[in-house]
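*Asks:* When you get a sec, could you give me coordinates for this:
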Amino acid sequence: MGRIGLALTLVGTAALLPGCFPEAVACPAIGHVAGVSVTVSANYADDVGSLRLKACQDGTCTDKELVLHPGSVAVDQGCSPDGVCSATSSPDGTLQGFLEMPALSETPLDATVTGTSPAGTALQARALTFTPTGEYPYGEQCGRVVSAGVVLDAEGLKQR
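*Replies:* This is a model prediction of the structure:
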């Protein structure tokens, strides 16, 4: 093989090398706030005037009055013939609150919910020990996201 043949072989090989390495994948620029989300079920929401959540994990406790907002669900609006799809938000009768924590891990978390009814009477305190879950919602290259959520209804507190 002459010098020209060798040069062409080397150029061709060099052109193929980038295909041997994984391509970088962009991660979404979405922040994640560590904490516990609370959903008051629709059949119990009318009995709740205010809620307070105390969450303890790894020796650190966070305790705060929750700001409750009406919950909603996404309603599919379908897709147009040209492939444009849409959805809208519809109230579902639930109440939503969130307790921000300094950190959240996949170790047991103790949650205690107290509150009052709209008339001001104390609600029964509810407690639950559960383990938050970790997932890779944007792929492993974008990092693990740990989340914790509970649902409060007339029967008690359950992990979501």
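*Asks:* For the rest of this, base every contact and every neighbour count on C-alpha atoms.
*Replies:* Noted.
*Asks:* which residues of this structure fall in strands?
*Replies:* Assigned strands in the chain, in chain order: 35-40, 50-57, 60-65, 69-79, 85-100, 109-116, 126-130, 133-135, 145-153, 156-159 (criterion: DSSP state E).
*Asks:* Which elements pack onto the fifth one?
*Replies:* Same thing as strand 85-100. strand 35-40, strand 69-79 (3 or more C-alpha pairs under 8 Å, 6 or more residues apart in numbering; DSSP states H and E).
*Asks:* Give me the sheet partners of the first one and which way each runs.
*Replies:* I take that to be strand 35-40. strand 85-100 (antiparallel), strand 145-153 (parallel) (DSSP bridges).
*Asks:* Quick check: which of those strands is buried the most?
*Replies:* A comparison of those by mean neighbour count, using mean count of other C-alpha atoms under 10 Å, puts strand 145-153 on top with a mean of 19.
*Asks:* Go ahead and name everything in contact with it.
*Replies:* 32, 34-41, 43-44, 104-106, 131-137, 157-160 (C-alpha atoms under 8 Å, 6 or more residues apart in numbering).
*Asks:* Buried ones among those?
*Replies:* Burial by neighbour count, judged by 16 or more other C-alpha atoms under 10 Å, picks out 34-41, 104-105, 131-132, 157-158 from the contacts of strand 145-153.
*Asks:* so which pair among the residues you listed is furthest apart in space?
*Replies:* The span of the buried ones among the contacts of strand 145-153, defined through C-alpha to C-alpha, is set by 41 and 105 at 25.7 Å.
*Asks:* on that earlier part again, so can I have TSV of the strands paired with strand 35-40 showing mean pLDDT and distance to residue 57?
*Replies:* Output for the strands paired with strand 35-40, formatted as TSV (pLDDT from 0 to 100; distance: least, C-alpha to C-alpha, whole Å):
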stretch	mean pLDDT	distance to residue 57
strand 85-100	95	13
strand 145-153	96	11
